[in-house]
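S.K.: Here's a sequence, model it:
(6 chains)
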There are 4 protein chains.
Amino acid sequence: MRSDEMDRPRTFTEEARRAQIMRCAIEALAELGFSGSSLAEIARRAGVSKGVVSYYFAGKDELLGQVLFDVYARAGAAIAERIGHANDPAVVIRGYLEANLSFLAENLADIRAVVEIAANARSPDGSLRFAVPGEDPVLAHLQSLLQAGKDTGRFGEVDSRSMAVLIRGAIDTASGRLVGDPAFDLEAYTRQLVDVVDLALRPAT
Amino acid sequence: MRSDEMDRPRTFTEEARRAQIMRCAIEALAELGFSGSSLAEIARRAGVSKGVVSYYFAGKDELLGQVLFDVYARAGAAIAERIGHANDPAVVIRGYLEANLSFLAENLADIRAVVEIAANARSPDGSLRFAVPGEDPVLAHLQSLLQAGKDTGRFGEVDSRSMAVLIRGAIDTASGRLVGDPAFDLEAYTRQLVDVVDLALRPAT
Amino acid sequence: MRSDEMDRPRTFTEEARRAQIMRCAIEALAELGFSGSSLAEIARRAGVSKGVVSYYFAGKDELLGQVLFDVYARAGAAIAERIGHANDPAVVIRGYLEANLSFLAENLADIRAVVEIAANARSPDGSLRFAVPGEDPVLAHLQSLLQAGKDTGRFGEVDSRSMAVLIRGAIDTASGRLVGDPAFDLEAYTRQLVDVVDLALRPAT
Amino acid sequence: MRSDEMDRPRTFTEEARRAQIMRCAIEALAELGFSGSSLAEIARRAGVSKGVVSYYFAGKDELLGQVLFDVYARAGAAIAERIGHANDPAVVIRGYLEANLSFLAENLADIRAVVEIAANARSPDGSLRFAVPGEDPVLAHLQSLLQAGKDTGRFGEVDSRSMAVLIRGAIDTASGRLVGDPAFDLEAYTRQLVDVVDLALRPAT
DNA sequence: CATGAATGAGCGTTCATTCAT
DNA sequence: TATGAATGAACGCTCATTCAT
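M.R.: Numbers count the residues shown, from 1 in each chain, chains lettered A, B, ... in the order given. I've put the predicted structure just below:
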């Protein structure tokens, strides 16, 4: 099938199976972590034999890479849609924060799966399999949003790089809270983060 | 050996061996990640046979748990010493942030090891092996520091829980940056974080 | 399909498909060796799905057996034609050698495929799948040619069995040389073999 | 153990285990062929678990390579000893033939194992794992023996290369006969081969 | 105390085969 | 006829653990 002929387009049912397997992989990763998500476990959740996974994906790497790519794409689309029409940098940043945190909450398993993959998948040489060699694009994007605000005078004189790191940290930590901390109040957290960032970016009066 | 007779105190040489093995485990975890840190690899780094590790620790779980405990204890001590004598909550928080980030920078391998363990070590049932069942003590401690400031009127009306989560996220993300992002400027980041938190906690005028 | 209804003769198109698949099997065996010649690889070369191979052949064994049979038959025909009209045993033997070696050179892939199959195909019990249980017919044939020469006094008192084995060895080894030894000179080798055999068979003076 | 520390010399018991495993590998290869000689089968014959084989050899490749090397070394030593003191090229060649054929007969399983390995073991890229890149050293050695005879005028004007190929073919084919052809008479075959080669190399009178 | 030897389960992957469509 | 989907067993290999010495 797929692994044999690289150029043939995928049929509908083929895509459906791939999606199903990816869904099961995401669930396994979210529940059992990277090392618990063997092909056997993923296949078990999909109700198929181990071979089926190898049949629809060239290997575990392709499966994990596809999951990574898909979730990233969906997250990017959700965030882009949320801040698409805004001009005011402050509104953009607010939208960025809210979109990130709500995507997190609504796609918790996906996010956890992505974190497991990105942090654990390794090449045979021991290096992280899905580490982007140069600049972290997610961080760079956020930094550019901040810089745009500074350039237009809408934001004060913050260190845009440090602020980007700080904000990403504040966002990323939320997924950890959403799991296993029933007391975590995402709405309150979102409001607080929006306030803090708003305050931090406000130009000196 | 040790794991069989729980009550006998450990001799000095025993503790030395345990410490040596834990040090090697930390190095392996920091360099190779969780899955690359097999007992064989740890034993190799310690220059001993695999059996020795099993001899001084009841199993891999006990070794990892001990590493986790030790690093936590050292970090807690470093932070407590830094903020020990301060009374002003703002000074306490500032000390907390600086102590955390400098401990991070000066004990990077230990921190990375702890992150690897906490995020990856699992029980047979798939649940995180070292997840504390109830309240996260680290988070609770920070929250209590913030609450103290609120109670004395020194801080404004922030949501102390959300702020604690935010701050922890901002701190924890720094270790990821310190590794593999050569452009990361810890001093600038520390200043920025201190400023942001100071601003956020300042009472409304 | 075919393997279910043993008595129905094969249609023309059926035979064509079988021949095509066998051709692709030969190419795969010659290029990739026995273990590299999976049904998937053979089907890929034939531009059909894996199922087709199973459809036209009862199993991999039947396919390989058929390849073996076909190449043997073609080789036998080529040799028979070459020595068909000769009466003098010396001329017959010379023709046999020349026919064998030239068939080898002109059907190298086929020969290599046959060697791979004969040496590697095994029954579930581990025994060679295509080993003829009794007397090797190829060897017996050559021996009979030699014996005929002895009986008519045209050849000397050689051990016809040993000579047959020797000659077959000298022929069979040539295919190995033709592949991967670019310096191998088949013409020179043929002349040399013909001379050696002629000398060996010449009656004592 | 061995796979962990590359420089430590092997203990006696370690060598004994390795030798035992190699012996079982040779038996499996001789009886079941390359594809039938899985680590599981070899371990089963050795009466140990699968892991033991991986414990004493870095991988299947090392095991097979070691078998290849050992048998080659033993064969080379046996042949060298047999022809060591001879000066007359004709005597050397005669010794070479007799030594080869008797080593074959007395180490049949080893030879068959070597043939299986050399013909089937492949690298991941599909190329033969143990193919020597340049000239076949076995063939080159024999050719040099023949050339020496020609150079001293002891042999006639044969094509030394072709004769070497012919003789190797005649030798190699014997192992195939020794297995499964109970009628094969090695002594008669050796005499015949010696005679044929002697005749072929004799200078024109 | 420490080792080296051995186990057994599980890993990702390959492959001949079967079968509904 | 021919396909693509699915299976299940076997493969080489890794690893935490156990144990006699």
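
S.K.: Can you report how many residues lie near whichever residue of chain A sits closest to chain D?
M.R.: Residue of chain A nearest chain D, by CB to the nearest CB: residue A:124 (11.7 Å). Any C-beta I mention is one placed from the backbone N, CA and C, and that applies to glycine too. The burial count assigned to residue A:124 is 6, neighbours taken as other CB atoms under 10 Å in any protein chain shown.

S.K.: Can you tell me how far it is from residue A:42?
M.R.: Separation of residue A:124 from residue A:42 (CB to CB, to the nearest Å): 21 Å.

S.K.: Isn't residue A:94 up against residue A:198?
M.R.: Yes: the pair residue A:94 and residue A:198 passes the contact test of CB atoms under 8 Å, sitting 7.2 Å apart.

S.K.: So which of the two has more stuff around it?
M.R.: More neighbours surround residue A:94 than the other of residue A:94 and residue A:198, with 20 against 15 (other CB under 10 Å).

S.K.: Could you pull up the residues touching that one?
M.R.: In this structure, residue A:94 makes contact with A:194, A:197, A:198, judged by CB atoms under 8 Å, 6 or more residues apart in numbering or on different chains.

S.K.: Now the helix or strand encompassing it: buried residues?
M.R.: When elements are assigned from DSSP states H and E, residue A:94 belongs to helix A:89-106. Along helix A:89-106, the positions that meet the burial threshold by neighbour count (16 or more other CB atoms under 10 Å in any protein chain shown) are A:89, A:92-105.

S.K.: from these, which single one is nearest DNA strand F?
M.R.: Sorting those by distance to DNA strand F puts residue A:103 at the head of the list, at 30.6 Å, by CB to the nearest atom of the strand.

S.K.: Quick check: the gap between the nearest residue to that closest one once chain neighbours are set aside and residue A:69.
M.R.: Residue nearest to residue A:103 in three dimensions, not counting chain neighbours: residue A:78, with 4.8 Å by CB to CB, 6 or more residues apart in numbering or on different chains. Taken as CB to CB, the spacing of residue A:78 relative to residue A:69 amounts to 15 Å.

S.K.: what's the answer for residue A:109, then?
M.R.: Using CB to CB, we find residue A:109 at a distance of 16 Å from residue A:69.

S.K.: State the pLDDT value of residue A:8.
M.R.: The model reports residue A:8 with a pLDDT of 69.

S.K.: what's the answer for the one 3 residues further on, then?
M.R.: With respect to pLDDT, residue A:11 has a value of 85.

S.K.: and it, how many neighbours?
M.R.: Using other CB under 10 Å as the criterion, the residues surrounding residue A:11 number 11.

S.K.: again with the one 10 residues further on
M.R.: With neighbours defined by other CB under 10 Å, the count for residue A:21 comes to 24.

S.K.: Contacts only, for it.
M.R.: The contact partners of residue A:21, by CB under 8 Å, 6+ apart, come to A:42, A:46, A:52, A:53, A:56, A:57, A:63.

S.K.: Leaving out sequence neighbours, find the closest residue to residue A:161.
M.R.: If you skip the residues right next to it in sequence, residue A:161 has residue A:143 as its closest partner in space, 5.8 Å away by CB to CB, 6+ apart.

S.K.: burial of the one you found, as a residue count?
M.R.: Burial of residue A:143 is recorded as 21 neighbouring residues (other CB under 10 Å).

S.K.: Repeat that for residue A:26.
M.R.: Burial of residue A:26, expressed as a neighbour count using other CB under 10 Å, amounts to 25.

S.K.: Name the residues of the host helix or strand of it that come out as buried.
M.R.: Assigned by DSSP H and E, residue A:26 belongs to helix A:12-36. Neighbour-count burial for helix A:12-36, with 16+ other CB under 10 Å as criterion, is recorded at A:17-18, A:20-34, A:36.

S.K.: circling back: relative to residue B:147, which of the buried residues of helix A:89-106 is nearest.
M.R.: For residue B:147, the closest of these turns out to be residue A:101, at 23.5 Å, with distances computed as CB to CB.

S.K.: Could you list the domains of chain A?
M.R.: A:1-58, A:75-201 (automatic domain parsing).

S.K.: And the ones you listed: which comes nearest residue C:162?
M.R.: Checking these against residue C:162 by CB to CB gives domain A:1-58 as the closest, at 49.8 Å.

S.K.: Would that closest one count as contacting DNA strand E?
M.R.: Yes: judged by CB under 7 Å from any atom of the strand, domain A:1-58 comes into contact with DNA strand E through A:37, A:38, A:39, A:40, A:41, A:50, A:51, A:54, A:55.
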